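**Student:** task: produce atomic coordinates for the following.
(one chain, ligands or ions: 1)
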Amino acid sequence: MEPQVSIDPNLSREEKYPILLKQVEALIDGEDDLIANMANVAALIYNNLGFHWVGFYRKIGNELVLGPFQGPVACTRIQIPNGVCGAAVEQKKIMLVPDVNQFPGHIACSPFSKSELVLPFIENDEVKWILDIDSSELDDFGDADKKYCDIINKLGHN
Ligand code: SME
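**Tutor:** You can find the predicted model right below:
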């Protein structure tokens, strides 16, 4: 299959998400390798929505270990419950942080990250991994990001 990866950049983010969703579904269709799917999901979101950093951390023991991502190099391991990522795992909920400097314990992997969205993937009441998205804009995330990124985060699982 020839992957289609570009979406009209003039569309709003809300307009892009349904198209992105279809692309994610097509890319991961029939593929059950989690790392491969995470890699393509990170690339699709990063390249179409203009965020500063998009990637996954897998929960291994009491740590989060860096998985496939796009953007600048990032912290390799995060101890739970540290940072926004660790908090999302401990609280088993989506964390939407409009201003990372106001979040106690935020881990600054990049000085350019201003707001952050972290979505845990939960199976049998246990967090398996998180999808982490950083924006270089303050207060850059809203309900559409939460809704669609949560759906996308659940698609690559097998
Ligand atoms: N800011 C995150 C750390 C991961 S990076 O953003 C890629 C946190 O506070 O958990």
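
**Student:** what about the chain, any weak spots by pLDDT?
**Tutor:** 1-5, 156-158 (pLDDT under 70).

**Student:** name the nearest residue to Cys109, ignoring sequence neighbours.
**Tutor:** By the measure of C-beta to C-beta, 6 or more residues apart in numbering, the closest residue to Cys109 outside its immediate chain neighbours is Ala74, 4.3 Å from it. To be clear about C-beta, it is placed using only N, CA and C from the backbone, and glycine gets the same treatment.

**Student:** confirm that that neighbour sits in a strand.
**Tutor:** No - counting by DSSP: H, G, I helix; E, B strand; the rest coil, Ala74 falls outside a strand, being coil.

**Student:** how many neighbours does it have?
**Tutor:** 17 (other C-beta atoms under 10 Å).

**Student:** with just CA atoms, put stretch 38-51 into PDB.
**Tutor:** What follows is stretch 38-51, C-alpha atoms only, in PDB (Å, rounded to 0.1, in the frame of the first residue of the first chain):
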ATOM      1  CA  MET A  38       3.100   3.600  17.200                       C
ATOM      2  CA  ALA A  39       5.800   4.800  14.800                       C
ATOM      3  CA  ASN A  40       3.300   5.500  12.100                       C
ATOM      4  CA  VAL A  41       0.800   7.200  14.400                       C
ATOM      5  CA  ALA A  42       3.500   9.500  15.800                       C
ATOM      6  CA  ALA A  43       4.600  10.400  12.300                       C
ATOM      7  CA  LEU A  44       1.100  11.000  11.100                       C
ATOM      8  CA  ILE A  45       0.200  13.300  14.000                       C
ATOM      9  CA  TYR A  46       3.500  15.200  13.900                       C
ATOM     10  CA  ASN A  47       3.600  15.800  10.200                       C
ATOM     11  CA  ASN A  48       0.000  16.900   9.900                       C
ATOM     12  CA  LEU A  49      -0.800  18.900  13.000                       C
ATOM     13  CA  GLY A  50       2.400  20.800  13.600                       C
ATOM     14  CA  PHE A  51       3.000  19.900  17.200                       C
END
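
**Student:** good, we can wrap up now.
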